[in-house]
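Visitor: I would like the atomic coordinates for the input below:
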Amino acid sequence: MGFFDVIIGFIALGGLGIISLAGVAFNVIRRDYNQEKERLRLQMMIEERKLEEIRQENYLLENEDMRKELEEIKASRRLSANENAQKRWLIKETK
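Guide: Model (predicted):
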């Protein structure tokens, strides 16, 4: 084995080393990208959950407002029905 064979062996090993380093670097970059994608997906799920909670709270508030409004309408109808019952008679009773 000559000197040049040793040099060529080192060059070949160096080339393999460079290729393996490039492969490792590529895998690291890909892993970081996938982790970032997972973080974004997790953040999106958290925000969707918060949005759904807000929607549910809004739904409950709207239902409460509708219930109050319905009670007011019923009360005003009862009041107007009582007034109409009183107006029905032309002569008011005085005692």
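Visitor: hey, where'd the strands end up in this protein?
Guide: Ranges of strands in the chain, per DSSP state E: none exist.
Visitor: Quick check: which ranges of it have low pLDDT?
Guide: Counting by pLDDT under 70, the chain shows low-confidence ranges at 1-21, 85-93, 95.
Visitor: so where do the helices sit in it?
Guide: Listed in chain order, the helices of the chain (DSSP state H) span 3-87.
Visitor: Would you quantify the distance from Asn82 to Thr94?
Guide: 19 Å (Cβ to Cβ, to the nearest Å). The way it works is simple: take the backbone N, C-alpha and C, and place the C-beta from them, glycine included.
Visitor: Which of those two has more residues huddled nearby?
Guide: Higher neighbour count among Asn82 and Thr94: Asn82, with 10 against 4, using other Cβ atoms under 10 Å.
Visitor: separation between the more buried one and Ile29?
Guide: From Asn82 over to Ile29 (counting by Cβ to Cβ), the distance is 79 Å.
Visitor: Contact partners for Met45?
Guide: Neighbour list for Met45: empty [criterion: Cβ atoms under 8 Å, 6 or more residues apart in numbering].
Visitor: Compute the number of surrounding residues for Arg41.
Guide: 10.
Visitor: same question, Leu61
Guide: 10.
Visitor: ok, now the one 3 residues further on?
Guide: The criterion is other Cβ under 10 Å. On that basis, Glu64 has 10 neighbouring residues.
Visitor: do you know how far it is from Asn34?
Guide: Distance from Glu64 to Asn34, by Cβ to Cβ: 45 Å.
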